[in-house]
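> The following comprises the amino acid sequence and a computationally predicted model.
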Amino acid sequence: MAFDIDMIKKVYATMDKRVNKAREIVGKPLTLTEKILYSHLWDGTPTKAFTRGKDYVDFAPDRIACQDATAQMALLQFMQAGRDNVAVPTTVHCDHLIQAKSGATEDLKRANDTSKEVFDFLESVSNKYGIGFWKPGAGIIHQVVLENYAFPGGMMIGTDSHTVNAGGLGMVAVGVGGADAVDVMAGMPWELKFPKLIGVKLTGELNGWTASKDVILKVAGILTVKGGTGAILEYFGEGAKNLSCTGKGTICNMGAEIGATTSTFGYDDSMERFLRATDRNDIADEANKVKSHLTGDPEVYAKPEQYFDQVIEINLSELRPHLNGPFTPDLATPVGQLGQKAKENGWPIKVDWGLIGSCTNSSYEDLTRASSIAKQAVDKKLKPKSDFGINPGSEQIRYTAERDGILKIFEDLDATIFTNACGPCIGQWDRSDVKGDEKNTIVHSFNRNFSKRADGNPNTHAFVGSPEMVAAIAISGRLDFDPMNDTLINEDGEEVKLEIPKGLELPPLGFEVKESGYLAPTENGRSVEVKVSPTSERLQLLDPFEPWDGGNLTNAKLLIKAFGKCTTDHISMAGPWLRYRGHLDNIANNTLIGAVNAFNKKTNFVKSQLSGEYGGVPDVQREYKKAGIPTVVVGDHNYGEGSSREHAAMQPRHLGVKVVLVKSFARIHETNLKKQGMLGLTFANEADYDLIQEDDTFNFVDLKDFAPEKQLTIELVHKDGSTDTIKANHTYNNAQIEWYKEGSALNLIKKENAK
Ligand code: F3S
């Protein structure tokens with residue numbers, strides 16, 4: 001299964017030369033991030049310094065990881081690229097398609113029945129093209145990657161926004177759209193705008209109830225969901241060294257919630273301990289030989305303001321536990337102040353569920369700390385007031401936790417142990433305790449808490465916290481419970497207090513697993529047949545998108561002017577729609593159904609300029625498509641934030657939307673639009689958003705002259721015949737304009753492979 005030590009040795013062998021050259025070219029000491037970036041240039045040894053936040057750079061990642069929901073479309077695309085094998089070590093992980101309901105055994109069996117077609121497809125494509133395959137139940141992609149594939153100083157991409165989790169083991173690991181992954185699988189470079197750098201200096205040491213999770217909850221509160229956009233966060237300082245490797249993973253994981261490209265930590269003893277505990281002594285030995293390249297230069301950390309674009313300092317000794325939410329992960333509130341805030345805002349105080357685990361927080365340390373609280377509940381005769389659910393991150397973690405009696409403690413509290421999979425974190429949760437849209441509160445140790453995320457209910461108020469805090473809150477059943485100061489009444493009517501959590505960084509008896517769930521691909525996959533039924537509801541082979549006709553786009557109609565937050569969940573909802581991730585036409589029926597129409601503040605209710613009637617977004621768009629009329633989607637700030645799914649770009653493209661014009665984009669989504677041959681534009685003057693009216697027609701006056709750094713001019717024709725002319729900015733470089741011309745990046749790859 002395992003990591004490729006020869007590949008890692010190769011990376012380390014070139015590091016000395018590349019890092020030294022980069023230091024010389026840049027002309028100053030280097031951060032760790034720069035060392036990793038400059039030692040992974042597509043063209044090898046660096047020859048020029050790049051400008052942060054400006055230059056697009058081609059990189060050569062060491063690895064790719066895909067999860068089952070995004071892998072379907074990525075691999076359907078890769079199949080079109082005309083290759084025998086993936087060019088870069090790749091793995092596929094089946095974790096998103098398993099619904100949590102009654103517990104691991106039954107849930108996994110049901111998923112293996114209901115998603116058999118998809119799992120079989122992924123297994124056979126993996127086998128054919130040399131891709132490692134992790135079966136359903138083997139674990140959540142990022143936990144499996146951290147335990148098996150991540151290595152200090154490496155670079156990886158993954159078709160999931162929480163790929164960034166591997167920063168906990170000193171990687172630059174970035175979540176990308178399937179289209180980016182397809183490029184790299186097909187032997188092409190991966191392009192990224194050279195990021196800005198945010199340094200996070202950690203001093204002191206965690207203590208008491210405060211956990212690694214609280215570091216990122218605090219950072220999210222400081223930077224907000226947009227604050228990390230276009231930047232890599234590099235954590236350093238004595239405080240960083242005091243954190244466990246998996247705790248670092250948690251912090252990096254939730255860097256996705258502030259829009260960061262990724263986050264990383266320098267190689268240290270905690271990483272070495274984790275590598276050795278996960279049976280990777282040879283990587284630790286190799287990493288020790290190039291240690292100085294696996295962390296930032298000392299001068300950088302001594303005077304960080306001189307080397308980072310922004311510096312944040314957090315004293316871990318003073319950090320308090322937080323709960324963030326509801327509906328957004330950057331609404332940070334220290335525990336103890338939440339009761340008051342909840343009362344003011346009408347958030348339900350009663351907590352119905354406490355959910356522990358996910359790719360964010362299911363390490364041995366997390367489970368032991370949370371179980372130390374659960375154990376107290378058993379010992380002190382406290383019956384939990386909320387339901388408990390646990391999603392272990394991998395079979396290795398689950399097996400080890402079961403062996404060490406940790407899961408038993410939760411079971412004694414009637415917790416449901418779900419499959420080693422995403423479950424409620426991605427809306428795969430058949431929840432029966434709440435009917436309809438009933439207002440309710442849950443707490444979880446996941447990363448994301450957007451509206452409807454966990455259970456599809458817009459009135460579920462989800463709060464994010466550390467596993468131990470989730471355990472305490474779930475036992476109390478109250479959002480205003482502060483375990484540091486409050487007491488609880490037990491079954492004997494006695495007042496009891498929960499002691500501070502205790503955990504173990506790593507299992508004293510080592511990790512253990514019987515059936516990891518890994519399938520290695522066959523040596524020669526040529527004869528392996530990949531079957532996709534033409535009548536399948538869930539899988540559909542792709543047709544190439546039409547190339548640009550080279551003309552100006554005229555007479556385009558407004559499909560929707562989205563108001564406020566419009567995440568990839570709003571554009572292409574998860575939950576039950578995950579079922580259609582491999583079938584473009586079917587999943588297109590969820591396009592933008594979660595976006596709020598600025599004109600009536602309703603979701604999935606837009607005006608058709610053809611009939612004058614109101615209807616669902618996909619239905620109205622299909623009318624335009626049928627009539628051969630191009631359309632435009634207008635959006636607000638940070639449009640497309642959230643996940644890396646390229647469906648959010650492919651679906652509008654498939655349905656005939658030509659342009660997405662917004663105040664600002666989330667990075668991955670903007671790239672995805674470009675890859676799929678769409679025009680992703682931003683208002684040159686944000687206030688022009690207000691000029692857009694419900695019956696508007698868009699005429700692109702100078703699209704014919706589409707060129708890098710050249711604004712585009714758009715004439716808006718309003719219903720009364722009056723017009724406004726506005727300017728739009730774009731970030732397309734020459735190569736990306738080629739994608740646009742060809743109709744998609746994949747069309748261009750195919751053309752090049754055919755040469
Ligand atoms: Fe899965 Fe949730 Fe992580 S969906 S990959 S557990 S963010």
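Done, it's in.

> rest of the way, CA atoms for contacts and neighbours
Noted.

> Contact residues of the chain facing the ligand?
Taking Cα under 6 Å from any ligand atom as the measure of proximity, the chain contacts the ligand at 140, 162, 358-359, 422, 425-426.

> ok, now with 5 Å
Residues of the chain found near the ligand (Cα under 5 Å from any ligand atom) are 358-359, 422, 425-426.

> Could you tell me which of the residues you listed count as buried?
358-359, 422, 425-426 (16 or more other Cα atoms under 10 Å).

> domains for this protein, by residue range?
With domains defined by automatic domain parsing, the chain comprises 5-196+265-299, 322-430+437-482, 556-754.

> Enumerate every residue touching the most centrally placed residue in the chain.
Central residue check for the chain by Cα atoms, centre = their mean: the C-alpha nearest the mean position is that of S161, 1.9 Å away. Contacts for S161 (Cα atoms under 8 Å, 6 or more residues apart in numbering) come out as 174-176, 256, 642-644.

> what's the farthest-apart pair in those?
V174 and G642 (13.4 Å; Cα to Cα).

> I'd say M254 and H162 touch.
Yes: counting by Cα atoms under 8 Å, M254 touches H162, with 7.4 Å between them.

> V174 and G642: which has the busier surroundings?
Using other Cα atoms under 10 Å, the more surrounded residue of V174 and G642 is V174, with 30 against 26.

> If the more buried one is in a bridge, with which residues?
Counting by DSSP bridges, V174 forms beta bridges with I157.

> which ones are touching it?
156-158, 161-164, 261-262 are the contacts of V174 under Cα under 8 Å, 6+ apart.

> pLDDT added to those residues, as CSV?
Output for these, formatted as CSV (pLDDT from 0 to 100):
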residue, pLDDT
M156, 98
I157, 98
G158, 96
S161, 91
H162, 96
T163, 97
V164, 98
T261, 96
T262, 98
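
> between those, which is nearest the ligand?
Among the contacts of V174, H162 lies closest to the ligand (Cα to the nearest ligand atom), at 5.9 Å.

> okay, now the closest one: neighbour count?
Neighbour tally, H162, other Cα under 10 Å: 28.

> what about the strands in the stretch 401-550 of the chain?
416-417, 440-444, 460-464, 488-489, 495-496, 518-519 (DSSP state E, counting those that start in this stretch).

> re earlier: next, format the domains of the chain as CSV and append distance to T210.
Output for the domains of the chain, formatted as CSV (distance: least, Cα to Cα, whole Å):
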stretch, distance to T210
domain 5-196+265-299, 18
domain 322-430+437-482, 8
domain 556-754, 26
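
> Between the ones you listed, which one is closest to A211.
Ranked by Cα to Cα, the member of the domains of the chain that lies closest to A211 is domain 322-430+437-482, at 6.4 Å.

> so how far is stretch 220-231 off the chain centroid?
In this view, stretch 220-231 has its centroid 14 Å away from the chain centroid, taken as Cα atoms, centre = their mean, to the nearest Å.

> For it, measure first residue to last.
Using Cα to Cα, to the nearest Å, the end-to-end distance of stretch 220-231 comes to 14 Å.

> Also stretch 314-327?
25 Å.

> What of stretch 238-251?
16 Å.

> Quick one: mean pLDDT over that stretch.
Averaged over stretch 238-251, pLDDT sits at 98.

> same deal with stretch 454-469?
94.

> what do you get for stretch 522-539?
Mean predicted confidence for stretch 522-539 is 91.

> quick one: that stretch to chain centroid distance?
That offset, for stretch 522-539, works out to 28 Å (Cα atoms, centre = their mean).

> again, but for stretch 189-205
On Cα atoms, centre = their mean, the centre of stretch 189-205 falls 16 Å from that of its chain.

> Output it as CSV, restricted to C-alpha atoms.
Presented in CSV, the C-alpha positions along stretch 189-205 are these (Å, rounded to 0.1, in the frame of the first residue of the first chain):
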residue,chain,number,x,y,z
PRO,A,189,2.1,20.6,-14.6
TRP,A,190,-0.2,21.9,-11.9
GLU,A,191,-0.6,25.7,-12.0
LEU,A,192,-1.0,27.8,-9.0
LYS,A,193,-0.8,31.5,-8.3
PHE,A,194,2.3,31.9,-6.1
PRO,A,195,0.6,32.5,-2.8
LYS,A,196,1.0,35.2,-0.2
LEU,A,197,2.4,34.0,3.1
ILE,A,198,0.8,34.4,6.5
GLY,A,199,3.0,33.5,9.4
VAL,A,200,1.3,32.3,12.6
LYS,A,201,3.6,32.4,15.6
LEU,A,202,2.5,30.1,18.4
THR,A,203,4.0,30.7,21.8
GLY,A,204,3.3,28.9,25.1
GLU,A,205,1.6,25.5,25.5
